[in-house]
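K.L.:
just a sequence and a predicted model for now, questions to come.
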Amino acid sequence: MLNVEAIENGTVIDHIRAGKGKKVLEMLGINENNAGRVALVMNVPSKRLNKKDIVKIEGAFVNEEQTNLVALISPKSTINIIKNGKVIEKREVEIPNALKNVGNCPNPNCITNTEHAEKIFEKEESKFRCHYCERCFAAEELVG
Amino acid sequence: MNLISIRDLDKKEIEKILDLSEEMAAGKIKRKYDKILATLFFEPSTRTRLSFQAAALRLGMSYLDFSPETSSLKKGETFTDTIKVISGYADVLVIRHPKEGTARLAGDAIEKPVINGGDGGNQHPTQTLIDLFTIRKTKGKISNLNVSLLGDLKHARTMQSLVYALAMFGAKITLISPKGLELDPTLIKEVEEKFDAKIKTKSELSFNDADVLYVCRIQEERFADPYEAKRIKEQFMLKSEHLKNTKKDLVILSPLPKINEISHEIDANNKAKYFEQAHYGVPVRMAIIDYLLGRQTRN
């Protein structure tokens, strides 16, 4: 079993769909320029998911809006906020009702792909409708 | 207020515009506006552009006609900047553009009312209001009518708006299109869920139980093989023989242009109402302008 040191202050994102941990970091804007230590553990055995990824971010407390974006690629993820080595908040991710500038519109004929415009999508049933071209897309199509 | 998509309107608002259109057609409303309409067409148009200009003139307005070929777009000016500038010259803007979402982008960028005159394959809400007006005028109602839609249902923006509105009004819809040119299944699912719409599909050109037959152009440019295009167009061409066992009061509509989707002899058939439909473009667009300018108080 691979052991990763516990963090004192920061965020742990657990139960990430196996293979999507890297994408989660990317969506949260966590990269090599991040001040604190970041751990990404992939393919960890899981009772619930069979296999999962885990991300530990030291020194960053990701907010609800940010973590809900995680639901787009891994809807069963859980968020743990750690302070002084203790879990002070635990939350499930929830698919957001609207997305702003998260991904480009996959429709090549949508004006937002040629003209400077915010990328806005509104949730409709299980899909997201582009505010401009009105086409519907699955969350994976928007965030990859 | 803008008119960008038929999704932005509810049944009550549509009925209000149709009632207003009725009064415009009857010449009952004499309101005049000291305002300017701008028509910005980035794609060819005959009916939409000219009927909007005619509607503006009939409402006592003036109009500006923007031509993209001779504008600063050629120097690289963005669409949004162009719209922001023109919004200072006119009071209402009508926009047609090949890119989907353009009218919405314009509507979000400026304070003046924006009317979508067709955006790519997405929406053509003012055509739909004309279609509904013509159906109501010729059949007395929209709900529970059997409406058959024939032709390229995939690429026609008129279909995106019309199917939604017909479903909202409770019409029973039958779709007839060549293979590969079927209506977007996402739209079918959407209207079935939202309005409990009854939608059937079939392949044969029989319209025995139809109250309204709406014919859409089959766009030759969508086919890679010209022979295939010719074959399909011939196969889906509406001919007099298709009308033999149809209802006496069947109404045939089309957003036009018709190239050879409808056989010429049908023009003389009293079931053909597409030229009448095109003429209703003026009173309906007068009503739309009047509605958006917020002066619905009856004289």
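P.N.:
Structure's in. What do you need? Residues are numbered from 1 along each chain as shown, chains lettered A, B, ... in the order given.
K.L.:
what score does B:Lys200 have for pLDDT?
P.N.:
Per-residue confidence (pLDDT) for B:Lys200: 96.
K.L.:
OK, contacts around B:Arg58?
P.N.:
The contact partners of B:Arg58, by C-beta atoms under 8 Å, 6 or more residues apart in numbering or on different chains, come to B:282, B:286. From N, CA and C alone the C-beta is placed, and that goes for glycine too.
K.L.:
okay, and the beta partners of B:His97?
P.N.:
Assessed by DSSP bridges, B:His97 has beta-bridge partners B:Asp119.
K.L.:
where does pLDDT dip in chain A?
P.N.:
The model of chain A has pLDDT under 70 over residues A:1, A:144.
K.L.:
what residues does it put near chain B?
P.N.:
When proximity is defined by C-beta under 8 Å from any C-beta of the partner chain, chain A lies next to chain B at A:105, A:107, A:109-112, A:114-117, A:124-125, A:130-136.
K.L.:
please work out the average pLDDT along stretch B:50-67.
P.N.:
For stretch B:50-67, mean pLDDT is 96.
K.L.:
in it, what counts as buried?
P.N.:
Within stretch B:50-67, the residues scored as buried using 16 or more other C-beta atoms under 10 Å in any protein chain shown are B:51-56, B:58-59, B:61, B:63, B:66.
K.L.:
end to end on that stretch, go ahead and measure it.
P.N.:
Distance across stretch B:50-67, first residue to last, is 14 Å (C-alpha to C-alpha, to the nearest Å).
K.L.:
domain parsing of chain B, as residue ranges.
P.N.:
Under the assignment automatic domain parsing, the domains of chain B span B:6-122+B:280-298, B:125-278.
K.L.:
what's stretch B:167-178 in contact with?
P.N.:
Here stretch B:167-178 makes contact (C-beta under 8 Å, 6+ apart) with B:11, B:14, B:132, B:142-154, B:163, B:166, B:182-183, B:191-192, B:194-195, B:197-205, B:210, B:212, B:218, B:232, B:235-236.
K.L.:
of the residues you listed, grab the buried ones for PyMOL.
P.N.:
Here is the PyMOL command that selects the buried residues among those (16+ other C-beta under 10 Å):
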select buried, chain B and resi 14+132+142+145+146+147+148+149+150+151+152+153+154+163+166+183+191+195+197+199+205+210+212+218+232+236
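K.L.:
and which of the buried residues of stretch B:50-67 is nearest chain A?
P.N.:
Of all those, chain A sits closest to B:Phe66, with 16.7 Å by C-beta to the nearest C-beta.
K.L.:
wait, that closest one touches B:Phe41, no?
P.N.:
Yes. Assessed by C-beta atoms under 8 Å, B:Phe66 is found in contact with B:Phe41 at 7.4 Å.
K.L.:
helices along chain B, start to end?
P.N.:
For chain B, helices defined by DSSP state H occupy the ranges B:11-25, B:47-58, B:79-86, B:102-109, B:125-139, B:157-168, B:185-195, B:226-235, B:274-279, B:281-292.
K.L.:
run the angle between the fifth one and helix B:11-25 for me.
P.N.:
Calculated by axes from the mean of the first three to the mean of the last three C-alpha atoms, to 10 degrees, helix B:125-139 forms an angle of 70 degrees with helix B:11-25.
K.L.:
interface residues of chain B facing chain A?
P.N.:
B:5, B:7, B:78-80, B:97-102, B:104-105, B:119-123, B:160, B:186, B:190, B:193.
K.L.:
rewinding a little: take the contacts of stretch B:167-178 and keep only those in strands.
P.N.:
Taking DSSP state E as the definition of strands, the contacts of stretch B:167-178 contribute B:146-150, B:198-202, B:212.
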